[in-house]
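> give me a 3D structure for the following:
(chains A and B)
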There are 2 protein chains.
Amino acid sequence: MSGISESLRTYQQRVDATLERVLPAANVMPVRLHDAMRYSVLEGGKRVRPLLVYATGEALGVAPEVLDIPAVSVEMIHAYSLVHDDLPAMDDDDLRRGKPSCHRQFDEATAILVGDALQAQAFQLLASATELDVPAVQRLRMVQQLGRAAGSRGMVGGQAIDLDAVGHSLTEIELENMHIHKTGALIRCSVLLAAYCSTRLDESQLAKLDHYAKCIGLAFQVQDDILDVEGDTDTLGKMNGADAAAGKPTYPSIIGIAAAKKKLHTLHDEAVRALDGMNADLLLEIAEFTVKRLH
Amino acid sequence: MSGISESLRTYQQRVDATLERVLPAANVMPVRLHDAMRYSVLEGGKRVRPLLVYATGEALGVAPEVLDIPAVSVEMIHAYSLVHDDLPAMDDDDLRRGKPSCHRQFDEATAILVGDALQAQAFQLLASATELDVPAVQRLRMVQQLGRAAGSRGMVGGQAIDLDAVGHSLTEIELENMHIHKTGALIRCSVLLAAYCSTRLDESQLAKLDHYAKCIGLAFQVQDDILDVEGDTDTLGKMNGADAAAGKPTYPSIIGIAAAKKKLHTLHDEAVRALDGMNADLLLEIAEFTVKRLH
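Okay, the predicted model is just below:
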C-alpha cells in the first residue's frame, strides 16, 4: 500500500505480527489445515479493516495493545470470506493478491475448512485473549457486533444478494444494498469494535463514527468497481475487467464511469464531514486513501 | 428418536421451538439464504447436543430457560458442519436425514453461505440473547469454549484429519484422535456450556461431566460405525455401508465388529461411572440411548 503514512505502515506491521502470533503454528496438527490458514491470512492484503480499528482507537485515545485482538478478529473474518468467495461454486477465482487462491494452492475441501476455522478463531479470540483488557460486558458487545456483521444479515447476506444478482440487471439502490451488506457491514464493525474498547464514548460520537464507516465502506466498493474498469492487471493482482466479464453488476455498468467517480468523491466528502470536531487524522488519511488507491 | 423418555422428548420440542424462533424468518431478505438455513436446521435431527445441554443443566439445577440459547448455539454449529461436510468437495452426500442435502436442495454456493451464516449466528446468540441470564464473564467463557470446540483444534480440525485419512490405513489411536476432534469436541462443549450456566459448580463436578462427555462422544461414533455395517438404510436415512464404501476408516474396519461392540459397552460403562454420586437421570438415559440407538 504505497503512499501511506508512517503511522499506518506501522499499524500494518503490527497487524501482521499479531496475526503471525495468534494463528496456529504450521507444525501444529492438523498441519495442512494450519498451513493453509496461515497462507490465506498472512500472504499480504491491505489490512484496511484492522487499520480502521487502530485509526478509530487513536481518535478515541484507546491504547494499541487493546486494539490488536479486535483488529485481527475482523481481518480473520475478512480473510475467511475471501477464501470462500474464491471457491469454484462461488466466484471461481484462481488468483488472490497475485498468488494462487487457497483452493488452488491446497484443495477445495481444505479451503472450505480454512474459512470455517478462521471464523471460529475470530470469535474465540474476542472472547478469550487476555490482552483485550476491557470489561466483559463490552467484550460481549463486540462478539455480538462481529456476529451480526458477519452473518446472514451482514456480510454473508450480502454475498447471497451478490450471487442472486449475477446476470441480472440491478438498480443503483439494489447494488448499494448489496454492498452495504457484503463489505459495508464488516467495515462498520471495524470502527465499532474499536469504539467499544473505549470507556468514555458518547452516543453522538458513536453515530458520527458509524456514519463515517458507512461512507467509507461504500466508497471503497465504488473505487473497486472503477479500478475493475480502469485499473492495471499487474497492480490489481487480479484480471482487469474480471467483474464486468463475469456479468457482475458494478457502479460503472449501472450509472456510468463519470457518475461513479462523482459518487466516490461525494462519499469521501461526507465521510470527512462526519469526523468534524474529532481529532481523527488517521481516519481522514484512510478516507483519502480509499479514493486514491490504485489497487 | 424412538424409545426416549417424555422428558427428553419435551426438550427436543423445546429445541425445535427455540430454533424456529431464533432463525431468521424465510421471508426476510435474502430469502433464499434464510430459507436454506431453516431447511438445514429445522428438518429433523436427533438434537443430541442440545439434549446434553438440558440434561447437564437438569443435573446441576439450571433452569431450562437459561439453557435454550446454549442448546441452539451448539446445534447450529453442528448443523452448519453437516451442510459443509455434505458438499461435493467434502463427503459429496446427496442425502441428509433422508432428504436432499442442502446443496442438492438449493445449490453449492448457497450451502457454503448457509454454513457460514449459521456459525456466525451461533456466536452472536451466545453473546447477545437476553434470555441467557448469566453473568457476562460466564457468557464470554461460553463463547470461548464454543470457538475452541468448533475451530481448527476442535471440530474443523477433526474434519481435516478425516479428509487426510480417506484411503489411508489408520491405527485405532489415530482413528480415536480424529473422532475426539471431529465429533467429541462439540459434544464435550455441549456439557460444558450447560455447566458454565451454573453458579455453584465445583471443579471436580466439571471434571466428571467432562469425562462423561468424552466417553459419550466416542461411544456415539463407535455406534455410528457399527450402524454403518449393521444398520438398515431406511432407518439410517443414508446408505448402509456408505462409509466403508468411501474408504473411510471405521472401528469395525480397524479392530473388527466384535471388538467395536465391546469398546462401545466399555465406553458406556465408563460414562455411567463418571456420574457416580450425581443426580443425573437424563445424562444416564442419553448414555443408554447412545448404545441402543438404531440410527
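
> how far away is residue A:5 from residue B:33?
According to CB to CB, to the nearest Å, residue A:5 stands 40 Å off from residue B:33. In this view, the C-beta of every residue, glycine as well, is placed from N, C-alpha and C.

> not counting sequence-adjacent ones, nearest residue to residue A:171?
Using CB to CB, 6 or more residues apart in numbering or on different chains and skipping residues adjacent in sequence, the residue nearest residue A:171 is residue A:254, 7.4 Å away.

> that neighbour touches residue A:172, doesn't it?
Yes: with contacts counted by CB atoms under 8 Å, residue A:254 reaches residue A:172, the gap being 5.5 Å.

> more neighbours, the two?
residue A:254 (17 against 14; other CB atoms under 10 Å in any protein chain shown).

> just the endpoints, please. Distance across stretch A:60-67?
12 Å (CA to CA, to the nearest Å).

> buried ones in that stretch?
For stretch A:60-67, a neighbour-count test (16 or more other CB atoms under 10 Å in any protein chain shown) marks A:60, A:62, A:66, A:67 as buried.

> from residue A:274, how far off is the closest residue to the first one other than its chain neighbours?
Nearest-residue entry for residue A:60: residue A:198, 4.3 Å, with adjacent residues in sequence omitted and distances by CB to CB, 6+ apart. For residue A:198, the distance to residue A:274 (CB to CB) stands at 17 Å.

> go on, residue A:69?
26 Å.

> more neighbours: the two, which one.
residue A:69 (26 against 21).

> next, that one: phi, psi?
phi -70, psi -50 (degrees, to the nearest 10).

> OK, contacts around it?
A:18, A:22, A:125, A:126, A:129, A:131, A:132 (CB atoms under 8 Å, 6 or more residues apart in numbering or on different chains).

> next up, the contacts around the fifth one.
By that I understand residue A:129. A:22, A:69.

> ditto for the fourth one
With contact set as CB under 8 Å, 6+ apart, residue A:126 has these partners: A:69, A:70, A:73, A:132, A:139, A:142, A:143, A:146, B:143.

> so of those, which ones are in helices?
A:69, A:70, A:73, A:139, A:142, A:143, A:146, B:143 (DSSP state H).

> the first one and residue A:135: what is the separation?
Here residue A:69 is placed at a distance of 14 Å from residue A:135 (CB to CB).

> count the residues that sit near residue A:224.
If we define neighbours as other CB under 10 Å, then residue A:224 has 19 of them.

> what helix or strand is it located in?
Assessed by DSSP states H and E, residue A:224 sits inside helix A:203-230.

> buried ones in that helix?
Buried, per 16+ other CB under 10 Å, within helix A:203-230: A:205-206, A:208-209, A:211-229.

> what about it, average pLDDT?
Averaged across helix A:203-230, the pLDDT comes to 93.

> helix, strand or coil: sort out the nearest residue to residue A:282 once chain neighbours are set aside for me.
In this structure, residue A:282 finds its nearest non-sequential neighbour in residue A:55, 3.5 Å apart by CB to CB, 6+ apart. Using DSSP: H, G, I helix; E, B strand; the rest coil, the secondary structure recorded for residue A:55 is helix.

> my read is that residue A:55 contacts residue A:279, right?
No: counting by CB under 8 Å, residue A:55 stays clear of residue A:279, with 11.4 Å between them.

> and those two? Which one has more around it.
residue A:55 (25 against 10).

> so what's the residue nearest to residue A:171 scoring on pLDDT?
Residue A:254 is given a pLDDT of 91.

> secondary structure element for it?
helix A:251-255.

> convert that helix to PDB, retaining C-alpha atoms only.
The C-alpha trace of helix A:251-255 is given here as PDB (Å, rounded to 0.1, in the frame of the first residue of the first chain):
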ATOM      1  CA  TYR A 251     -21.300   1.100 -10.400                       C
ATOM      2  CA  PRO A 252     -19.800   1.900 -13.800                       C
ATOM      3  CA  SER A 253     -22.000  -0.600 -15.600                       C
ATOM      4  CA  ILE A 254     -25.200   0.800 -13.900                       C
ATOM      5  CA  ILE A 255     -24.600   4.600 -13.600                       C
END
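
> what lies in contact with it?
With contacts defined as CB under 8 Å, 6+ apart, helix A:251-255 is touched by A:169-172, A:175, A:221-222, A:225-226, A:228-229, A:244, A:259-260, A:263.

> try 10 Å this time
By CB atoms under 10 Å, 6 or more residues apart in numbering or on different chains, the residues outside helix A:251-255 that reach it are A:169-172, A:174-176, A:179, A:218, A:221-226, A:228-230, A:243-244, A:247, A:257-264.

> so for whatever helix or strand comes next after that helix, what's the average pLDDT?
Where DSSP H and E defines the elements, the next helix or strand beyond helix A:251-255 is helix A:257-274. For helix A:257-274, mean pLDDT is 96.

> and the residue nearest to residue A:197 when sequence neighbours are not counted, what does it touch?
Excluding its sequence neighbours, the residue lying closest to residue A:197 (CB to CB, 6+ apart) is residue A:62, at 4.7 Å. Neighbouring residues of residue A:62 by CB under 10 Å, 6+ apart: A:53-54, A:56, A:70, A:134, A:194-201.

> returning to what we had before: give me the more crowded residue out of residue A:5 and residue B:33.
residue B:33 (28 against 12).

> secondary structure element for that one?
Per DSSP H and E: helix B:31-42 holds residue B:33.

> any residue of that helix touching chain A?
Yes: contact of helix B:31-42 with chain A (CB under 10 Å from any CB of the partner chain) involves B:31, B:32, B:33, B:34, B:36, B:37.

> what residues do residue A:254 and residue A:172 have in common as contacts?
Joint contacts of residue A:254 and residue A:172 (CB under 10 Å, 6+ apart) are residue A:260.

> low pLDDT regions in chain A?
A:1-3, A:232-245, A:294-295 (pLDDT under 70).

> spatially central residue for chain A, please.
Per CA atoms, centre = their mean, the C-alpha nearest to the average position across chain A is that of residue A:49, at 4.6 Å.

> surely that residue and residue A:185 touch.
No: Residue A:49 is beyond contact range of residue A:185, at 11.0 Å (criterion: CB atoms under 10 Å).

> any shared contact partners between those two?
In contact with both residue A:49 and residue A:185: residue A:217, using CB under 10 Å, 6+ apart.

> ok, so what distance separates residue A:63 from residue A:38?
With CB to CB as the criterion, residue A:63 and residue A:38 are 27 Å apart.

> do residue A:145 as well
26 Å.

> quick one, which of those two is more surrounded?
residue A:145 (25 against 17).

> so what's the more buried one up against?
A:70, A:74, A:126, A:154, A:185, A:188-190, A:192-193, A:195-196, B:124, B:127-128.

> which of those residues lies closest to residue A:42?
The closest of these to residue A:42 turns out to be residue A:74 (CB to CB; 15.8 Å).

> the residue lying closest to that closest one once chain neighbours are set aside: helix or strand, and which one exactly?
Of all residues not flanking residue A:74 in the chain, residue A:49 sits nearest, at 4.4 Å (CB to CB, 6+ apart). Here residue A:49 sits within helix A:48-60, counting by DSSP H and E.
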